[in-house]
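Colleague: I'll drop the sequence and a predicted model, then ask my questions.
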Amino acid sequence: MLNYLPICLLLAVVLCSCGPASSGGNEGMKGEGNEELREGRIEGARPNVIFIMDDQHRWDAIGNLNPQVITPTLDSLMDHGILYDQAVCQAPMCVPSRNSIMFGMYPSQTGVFRNGDGLRDEDAPGRTMAEYFRDAGYETAGFGKTHWGKYRTGTRGFETRYTSEIPEEGGRNMAEMNPAAKARYDAEIAVMGPGEENNLGYLGFTSKLPETDHRDGWINARAIDYIREREDERPLFLYLSYMKPHAGHNPPAGYEDRYDLDNITYAQQPHWTEDYSPHAAGVNRRDMYVDYWKTAGPEEWQLMTMRYYANVTWIDDMMGRTLAELRKKGLLDNAIVVYTSDHGESLGEHYYRFNKYSLYEASVRVPVILSGSALPDGFEPGTVDHRAVDLVDILPTLLVAANIQEDEELPGVNLLAPPAREGSFAALHEREGEAAFMWRTREHKLILVFERQEDAADYTADNIITGEFYNLVEDPAEWTDLYGQPEVASVISEFQTKILDRLSAM
């Protein structure tokens, strides 16, 4: 049986701040703005910054939010830090979301809208997160997935760089360093299809391979080796990015044993006879998924859901082991730890919808946790902050914490200052000739589908094709579209203005 308790207790000691744990708060910091935080950092040692990200992690797949899920590491980070429970990604797919996070810009500013897009190094719209920290005198080490896109890139600011899947000029990768392990993993997942995302990829199976034959296991081992051997005296920016819990659902042996299959609940379906998703109809291999899962039995649904959670638990366990090594080296004594994911996972919701590629809650919402010993005074450990958060907010937050000046004003806001957003914005460019944009608050969501324009500032109300509007309080599953209903006309009009204003500002 896997032993989780020591890691959980370890993190409780490492990450604990003064004051009792609490929850349900609405403010991460009280009474301090960016400039005061910046001034506070000048006098003290700059914090190490530990940035941890995984792939396709649902916003609610954390044990503290969903008791079905086993995540002692994330629970501990949350218990001793701040969970931003209303965060959204800026584009629900890997390449545009990760470019957006690392450059701190919206897709309409980076020009990366879809997984088939990308930027050559010479066309970068600004400095990446790693470049900011490197140029400010940090040691920068990056382990795992960035997924910059279709062009081969350099390491983009990482002095030490290891990837498992996509090589970067100046970095090292699994295929080069351990080709036999990479070949064994590729052979095991071949039946799961491209991206490990066919129906078998989702149903999954227990891997027959050791952890270090898996790409994430190999990356985690490299990160731990690096931490143990590190002698650099500079402050550290560490980037650790996993490829799971993204399908395929093939966790190493032992993690499924933590779950009781009979107690696993799974996605409930609306009483529809066909898909209803005006902004995302027909994308994401819809027929393949619908045809299979519409006739799947309860045990298949439970196995698929449980194995997704088992992947989550495996990643959580590796995070815990890495944080333990950082603690041993003293690198958490003065540190900011941030955790997030690039987008969510529908996991069969909203009429047999899997994967991402929509602006519905399961896909567009993401977990964001700030924790660590260097969080400023004035917050309550265990806070659940309900403010609107975009993932572009992470870069400016970390720059303020490290007293690093932005080149030009980034569109994100500091999450350790008082709330500064009225709502959250995201985009989907997956349908030919169309672009869908979302404005979301905790209570409501508007999705507008436009005729696609060349420039963000060119969008007007005249380009609107259709829309969707949901009351997230009364209809959290987003089954009842209220777009066009007179009782919500004023809110739709207000949100439409917000979308157009945001596009115009880009």
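Modeller: Sure thing, it's come through. Residues are numbered from 1 along each chain as shown.
Colleague: Is the closest residue to residue 406 other than its chain neighbours within a helix or a strand, and which one?
Modeller: Distances taken as Cβ to Cβ, 6 or more residues apart in numbering put residue 399 closest to residue 406, at 6.1 Å, once the chain neighbours are dropped. C-beta here means a position set from N, CA and C on the backbone, and glycine is covered the same way. Residue 399 is part of helix 394-401, with elements assigned from DSSP states H and E.
Colleague: From the rest of the structure, what touches that helix?
Modeller: Identification of contacts with helix 394-401 by Cβ atoms under 8 Å, 6 or more residues apart in numbering yields 34, 37-38, 41, 47, 49, 51, 101-104, 129, 132, 336, 338, 340, 368, 370, 374, 376, 405-406, 410, 412-417.
Colleague: switch to 7 Å and redo it
Modeller: The contact list for helix 394-401 (Cβ atoms under 7 Å, 6 or more residues apart in numbering) reads 34, 37-38, 41, 47, 49, 101, 104, 129, 132, 336, 338, 340, 374, 406, 410, 412-416.
Colleague: what does stretch 241-248 give?
Modeller: Against stretch 241-248 from outside (Cβ under 7 Å, 6+ apart): 53-57, 144-146, 164, 189, 192, 196-197, 201-202, 204, 215-216, 308, 311-312, 314-315.
Colleague: Pop the domain breakdown of the protein in here.
Modeller: Domains of the chain are assigned by automatic domain parsing as 5-110+121-250+278-419, 432-506.
Colleague: Would you write a PyMOL line that selects the buried entries of the contacts of stretch 241-248?
Modeller: Applied in PyMOL, the following selects the buried portion of these according to 16 or more other Cβ atoms under 10 Å:
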select buried, resi 53+54+55+56+57+144+145+146+164+189+192+196+197+201+202+204+215+216+308+311+312+314+315
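Colleague: among the contacts of stretch 241-248, which are in strands?
Modeller: Counting by DSSP state E, the contacts of stretch 241-248 place 53, 54, 55, 144 in strands.
Colleague: Please pick the buried ones from the contacts of helix 394-401.
Modeller: Among those, those classed as buried by 16+ other Cβ under 10 Å are 34, 37-38, 41, 47, 49, 101, 104, 129, 132, 336, 338, 340, 374, 410, 412-416.
Colleague: Output the one helix or strand residue 226 maps to as PDB, nothing but the C-alphas.
Modeller: Residue 226 belongs to helix 215-229 when elements are defined using DSSP H and E. The C-alpha coordinates for helix 215-229 follow below in PDB (Å, rounded to 0.1, in the frame of the first residue of the first chain):
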ATOM      1  CA  ARG A 215       7.200  10.100 -19.000                       C
ATOM      2  CA  ASP A 216       6.000  11.800 -15.800                       C
ATOM      3  CA  GLY A 217       7.900   9.300 -13.600                       C
ATOM      4  CA  TRP A 218      11.100   9.900 -15.600                       C
ATOM      5  CA  ILE A 219      10.700  13.700 -15.300                       C
ATOM      6  CA  ASN A 220      10.000  13.600 -11.600                       C
ATOM      7  CA  ALA A 221      13.100  11.400 -11.100                       C
ATOM      8  CA  ARG A 222      15.200  14.000 -13.000                       C
ATOM      9  CA  ALA A 223      13.800  16.800 -10.900                       C
ATOM     10  CA  ILE A 224      14.700  15.000  -7.700                       C
ATOM     11  CA  ASP A 225      18.200  14.200  -8.900                       C
ATOM     12  CA  TYR A 226      18.700  17.900  -9.800                       C
ATOM     13  CA  ILE A 227      17.500  19.100  -6.400                       C
ATOM     14  CA  ARG A 228      19.700  16.600  -4.500                       C
ATOM     15  CA  GLU A 229      22.800  17.600  -6.500                       C
END
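Colleague: and the next element down the chain from that helix?
Modeller: Using DSSP H and E, the helix or strand that follows helix 215-229 towards the C-terminus is strand 236-245.
Colleague: Please consider this matter closed, and thank you.
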